[in-house]
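Participant: Here is my input; please provide its structure:
(one chain, ligands or ions: 1)
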Amino acid sequence: MRKNIVAGNWKMNTTLQEGVALAEEVNAAVKATKHNCDVVICVPFTHLATINDKTCRETLGLGAENCADHKSGAYTGEVSAAMVASTGATYVILGHSERRQYYGETSETLREKVALAFENNLTPIFCIGEVLEERENGTYFDVVKKQIVDALFHLSAEDFGKIILAYEPVWAIGTGKTATADQAEDMHAFIRGVIAEKYGNEVADNTSILYGGSCKPSNAKELFAKPDVDGGLIGGASLKCADFMGIVEAFN
Ligand code: PEP
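Facilitator: Presented below is the predicted three-dimensional model:
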């Protein structure tokens, strides 16, 4: 059966020293707390190796927030999937809406990134989600389906089964405006149906689909109680240990 997962996305926040301190705090808190989900932190590239050495092996999964769409070579400033894996990280966020919006990521580049993540045994946390206009004009199901089909449906069932999906309505990211639990469930159930149509019920039932977008301790329990919401991808609230733990504990 699919896993419940709470994953933090630190984005471009914390210096190395601040990040290590936060990871140590989260690691200690997760260790000391009964938790019924996997807990992952996705952190800046510069922090990965140190956090892996100091803390992560105990209780936390560790991931990057992106990787390059090329294997290696003359791509100044890029960080490859192999480099990420060499730090000990085992997850990578791909297709976050901020990457799509500010860095022009397309389904084509994301297909390359997914392939390179798999080559390096990284588990993609693959983000999808509509913008406000698409929510308001009613095209959001089509938009999300197209993001999945274009970037992922060339995969074999075996490879698709290694993906974690994160539904993140862009209008809810960092805005304080959360999708209601019913809105999230409608979309998650729809996504599971799309997966079932292509790969069958077993793959669909085994795929973890996380919700992301202003998730916090006060709304996590209601969101995670929905049958197709298997946890959260957490931005802002992952930067404070107490808030992040409040979300992790929503599964208890
Ligand atoms: C995110 O960016 O993945 C996210 C969910 O951010 P926030 O929780 O801050 O809305």
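
Participant: pLDDT at Glu133, what is it?
Facilitator: On the pLDDT scale, Glu133 is placed at 94.

Participant: Also Thr175?
Facilitator: The model's pLDDT for Thr175 equals 85.

Participant: If we ignore the residues flanking it in sequence, what's nearest Lys198?
Facilitator: Phe153 (5.7 Å; CB to CB, 6 or more residues apart in numbering). C-beta here means a position set from N, CA and C on the backbone, and glycine is covered the same way.

Participant: cool, His154 as well?
Facilitator: Arg111 is the one closest to His154 (CB to CB, 6+ apart), at 6.7 Å.

Participant: What of Gly19?
Facilitator: Among residues not flanking Gly19 along the chain, His47 sits closest, at 4.2 Å (CB to CB, 6+ apart).

Participant: what's that neighbour in contact with, if anything?
Facilitator: Listed by CB atoms under 8 Å, 6 or more residues apart in numbering, the contact partners of His47 are 14, 16, 19-20, 23.

Participant: cutoff 7 Å now
Facilitator: Listed by CB atoms under 7 Å, 6 or more residues apart in numbering, the contact set of His47 reads 16, 19-20.

Participant: How about Phe118?
Facilitator: 159, 162.

Participant: tell me the secondary structure for it?
Facilitator: helix (DSSP: H, G, I helix; E, B strand; the rest coil).

Participant: ditto for Arg100
Facilitator: On the basis of three-state DSSP, Arg100 is classed as helix.
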